[in-house]
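Novice: coords please:
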Amino acid sequence: MNVSVLNLCGEVFQLENKDDLVIQPVLGNFNYTNAGSGEADGVEISIQKSLSGKWAGQVSYSFIKSKRRITDGGFAYPSDEERPHQFTAIGITRILGIIFAGKYRYASGLPYDLRIPVQFATNPARFCSGFQRPKTVTLCV
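Specialist: Numbers count the residues shown, from 1 in each chain. Alright, predicted model coming up:
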């Protein structure tokens, strides 16, 4: 007897990124900094069917809005990594004892920002404190 099991899972989240680490270089008298703050709000929904019978799969969709703000009271702008819409579909099937799998992903484009050439060498000493996840609600049925 093949029993299909469907799992529905949803997550609502709010992330906050604090000021990043400041590095004092060995040579020179200036600091590298990535100052500012960021925030991201979003929702993710996914449906998963476990392997029973001949196929299994998962479909998920997420909507995320991400903003950055510079420290001197500047305006908020879309972060470099913002992709508001993301859709993923994964499928697995078994044919004649051979397992085949596939994945499709669609993501909306990144924000475009005209870059200004850097006058100095690139900065390999830039470190990010990362996102903290204080406000997350997950519901799986």
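
Novice: from what I can see Ile99 touches Ala56, true?
Specialist: No - counting by CB atoms under 8 Å, Ile99 does not reach Ala56; the two are 9.7 Å apart. For glycine as for every other residue, the C-beta is placed from the backbone atoms N, C-alpha and C.

Novice: any residues in contact with both of those two?
Specialist: Ile92, Thr93 (CB atoms under 8 Å, 6 or more residues apart in numbering).

Novice: okay, the two: which has more neighbours?
Specialist: A count of neighbours by other CB atoms under 10 Å puts Ala56 above the other of Ile99 and Ala56, at 19 against 10.

Novice: what stretches of this protein score poorly on pLDDT?
Specialist: For the chain, the stretches with pLDDT under 70 are 1-4, 18-35, 71-73, 112-141.

Novice: quick one, strands of it?
Specialist: Ranges of strands in the chain, per DSSP state E, are 6-17, 37-52, 55-69, 76-78, 85-95, 98-107, 132-140.

Novice: and the fifth one, which residues are buried?
Specialist: The one in question is strand 85-95. Gln86, Ile92 (16 or more other CB atoms under 10 Å).
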